[in-house]
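Asks: predicted model, plus sequence, below.
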Amino acid sequence: MSDDSGTTVQISHTQHDGQPATHHVPSEQQKSPHSVQEDAYPMSPRRHTTTPNPFSRRNTSVDLDDYFTGPRDISKHSKWPLFMQIHGSILPKMIVPLLIVAAWASLITAISKTVPNVQLGISSILLTITGFVVGLGLSFRSSTAYERYAEGRKYWGQLIFTCQGLGRVFWLHAVEREGSAKQDMLAKLTAMNLVVAFAVSLKHKLRFEPYTYYDDLVELVDHIDTFARSATKENAVRPKSGMFKAVGENLGLSFAASNPRKLMKKSQAPLGNLPLEILCYLTAYVDELALNGQLPVGMQQTAAYNSLQALNDVMVGSERVLNTPLPIAYAIAISQITWLYVFLLPFQLLIELDWITIPATVAASYIILGIFFIGHEIENPFGNDVNDLPLDLFCQQIVEDMETIAARPKPRVSEFVANPRNKVLYPHSESSYSVWEQRPEAAIRNTLRNRPHAGFDKTGSNGEKGDNNV
């Protein structure tokens with residue numbers, strides 16, 4: 001490296017004999033005009049954004065808003081006991097319903113206790129009859145919601161698995177041709193970026209975000225021609241959010257929540273299907289690899305095409321989970337039954353509990369409505385609720401996997417097999433590859449035959465020999 005004055009910088013290293021060695025690095029004026037300067041080509045050009053890496057959450061902090069919006073960052077750890085944790089709890093969205101229930105129970109109790117000749121209490125037998133129906137409905141609601149949640153997680157697990165396999169096919173199996181090795185390497189990196197773009201675009205599609213102006217997507221797809229890119233440049237509709245609307249959404253108020261498909265409905269240009277279009281570009285790249293002979297083994301071509309088909313399966317399956325919620329008749333009936341049961345609680349508890357009816361109703365409502373709201377929240381596992389799937393974290397994992405695969409060239413077998421640190425018979429032998437290579441083949445096979453006996457313990461726990469008649 002050189003400083004601004006153009007002087008020569010001396011870097012001191014230590015030789016094997018312990019004597020320091022000084023290497024003279026030429027300054028900018030001393031370098032050849034034909035040499036490529038690394039400083040002129042920064043490794044990671046950054047846009048003018050607040051977060052240099054859109055996939056990283058290291059620079060974020062837990063704000064008050066993080067307790068209401070999500071998905072929850074599972075990489076962060078809380079030392080609070082589980083029953084005292086607020087972040088991830090359904091409690092924030094139950095504040096308003098519990099206040100309504102408390103006001104209702106207070107009204108019923110106050111009327112019964114203060115107004116003469118008015119007794120609103122009824123027999124608690126209705127509590128038993130309706131409780132069974134409510135429990136059955138909530139169980140059905142919770143089981144179907146978690147089934148959708150688990151299915152969505154399986155699809156994204158399959159997506160990560162497929163992206164890893166496709167990245168290995170591109171980087172390891174695809175041959176770099178002589179004379180165009182650099183161009184082939186850059187083409188591989190482009191294809192691996194498109195794999196990341198597929199995952200990121202699928203995340204936005206499942207969240208009803210159809211454009212390409214998002215920080216984690218714009219640089220990945222700006223070089224390909226897609227309907228979403230054209231619609232973004234022509235007239236992209238950006239969501240508007242006010243303070244009262246944000247507070248209402250955080251508290252789970254239905255009248256404050258807007259239509260999630262609003263951006264798609266307001267679009268004045270066709271939006272297309274961005275993940276599918278990216279998949280078409282990946283298919284074209286695999287076709288070119290096959291036609292150019294860069295995938296010489298047939299199974300490599302099969303693996304590439306099967307991975308593309310698996311990406312398509314993940315996309316269709318995720319959309320099926322998103323667009324096939326619980327039938328609206330079931331959802332309405334379960335909601336009505338649950339709320340009716342909650343509003344009838346004060347009447348049935350009043351005779352036995354008097355003024356204790358108010359806190360008892362609130363406590364029972366917290367249990368019942370908590371299960372109900374959890375089922376409603378996880379029914380769509382791809383959204384931005386606290387308990388939804390952390391799709392941003394999954395996309396970040398895919399980015400890191402692609403970077404890990406491309407960090408080194410394809411390893412040569414001789415480099416790690418004949419390595420002097422390769423202990424081929426560890427833990428039974430500390431000898432390295434070079435030691436065993438000098439021994440005859442018969443000695444190696446004899447050692448392999450005796451190796452199972454070396455680890456076989458013939459003594460029992462008390463140090464005596466076991467019974468041979470067993």
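Replies: The structure has been received and is ready for your questions.

Asks: any residues touching stretch 318-334, and which ones?
Replies: Contacts to stretch 318-334, defined as Cβ atoms under 8 Å, 6 or more residues apart in numbering, come from residues 137-138, 140-141, 144-145, 148, 151-152, 155-156, 202, 205-206, 372, 379-382. Yep, even glycine has a C-beta here, placed from its N, CA and C like the rest.

Asks: hmm, try it at 7 Å
Replies: 137, 141, 144, 148, 151, 152, 155, 202, 206, 379, 380, 382 (Cβ atoms under 7 Å, 6 or more residues apart in numbering).

Asks: same check on stretch 134-148?
Replies: When contacts are taken as Cβ under 7 Å, 6+ apart, the neighbours of stretch 134-148 outside the stretch itself are 321, 326, 334, 337-338, 341, 368, 371-372, 374-375, 378-379, 381.

Asks: any idea how far residue 368 is from residue 453?
Replies: In this structure, residue 368 and residue 453 are 64 Å apart, going by Cβ to Cβ, to the nearest Å.

Asks: looking at these two, which is more packed in?
Replies: Between residue 368 and residue 453, residue 368 has the larger neighbour count (other Cβ atoms under 10 Å), namely 19 against 8.

Asks: so the more buried one is in which element?
Replies: With elements delineated by DSSP states H and E, residue 368 resides in helix 357-377, which encompasses its position.

Asks: got the CA coordinates for that helix in PDB?
Replies: The C-alpha atoms that make up helix 357-377 are tabulated as PDB, following Å, rounded to 0.1, in the frame of the first residue of the first chain:
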ATOM      1  CA  THR A 357     -66.000 -11.400  38.200                       C
ATOM      2  CA  ILE A 358     -64.100  -8.600  36.600                       C
ATOM      3  CA  PRO A 359     -60.500  -9.900  37.000                       C
ATOM      4  CA  ALA A 360     -61.700 -13.500  36.600                       C
ATOM      5  CA  THR A 361     -63.300 -12.600  33.200                       C
ATOM      6  CA  VAL A 362     -60.200 -10.800  32.100                       C
ATOM      7  CA  ALA A 363     -58.000 -13.800  33.100                       C
ATOM      8  CA  ALA A 364     -60.200 -16.300  31.300                       C
ATOM      9  CA  SER A 365     -60.500 -14.100  28.300                       C
ATOM     10  CA  TYR A 366     -56.700 -13.900  28.100                       C
ATOM     11  CA  ILE A 367     -56.400 -17.600  27.900                       C
ATOM     12  CA  ILE A 368     -59.200 -18.100  25.300                       C
ATOM     13  CA  LEU A 369     -58.400 -15.100  23.100                       C
ATOM     14  CA  GLY A 370     -54.600 -15.800  23.300                       C
ATOM     15  CA  ILE A 371     -55.100 -19.200  21.600                       C
ATOM     16  CA  PHE A 372     -57.500 -17.600  19.100                       C
ATOM     17  CA  PHE A 373     -55.100 -14.700  18.200                       C
ATOM     18  CA  ILE A 374     -52.100 -17.000  17.900                       C
ATOM     19  CA  GLY A 375     -53.900 -19.200  15.400                       C
ATOM     20  CA  HIS A 376     -54.900 -16.000  13.400                       C
ATOM     21  CA  GLU A 377     -51.300 -14.700  13.400                       C
END
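
Asks: touching it from outside, list them.
Replies: 90, 93-94, 97-98, 101-102, 105-106, 109, 134, 138, 141-142, 145, 338, 341-342, 345-346, 349-350, 353, 385, 387.

Asks: same check on stretch 269-283?
Replies: By Cβ under 7 Å, 6+ apart, stretch 269-283 touches 191, 194, 197-198, 201-202, 205, 210, 221, 224, 226-228, 230-231, 234-235, 264, 308, 311-312, 315.

Asks: quick check on the residues you listed: which are buried?
Replies: 191, 194, 197-198, 201-202, 205, 210, 221, 224, 226-228, 231, 308, 311, 315 (16 or more other Cβ atoms under 10 Å).

Asks: find the residue at the geometric middle of the chain.
Replies: To find the centre residue of the chain, average its C-alpha atoms and take the closest one (Cα atoms, centre = their mean): that gives residue 394, at 2.5 Å.

Asks: check contacts around the residue nearest to that residue when sequence neighbours are not counted.
Replies: With sequence-adjacent residues excluded and distances taken as Cβ to Cβ, 6 or more residues apart in numbering, residue 394 is closest to residue 156, at 5.2 Å. Applying Cβ under 7 Å, 6+ apart, we find residue 156 in contact with 389, 391, 394.

Asks: now do the SS call for residue 156.
Replies: Three-state call for residue 156 (DSSP: H, G, I helix; E, B strand; the rest coil): helix.

Asks: hey, where'd the helices end up in the stretch 101-250 of the chain?
Replies: 125-168, 181-206, 218-221, 227-235, 243-250 (DSSP state H, counting those that start in this stretch).

Asks: for residue 411, the count of nearby residues, please.
Replies: When neighbours are defined as other Cβ under 10 Å, residue 411 has 9 of them.

Asks: what do you get for the one 10 residues further on?
Replies: Residue crowding around residue 421 was assessed by other Cβ under 10 Å; the count is 7.
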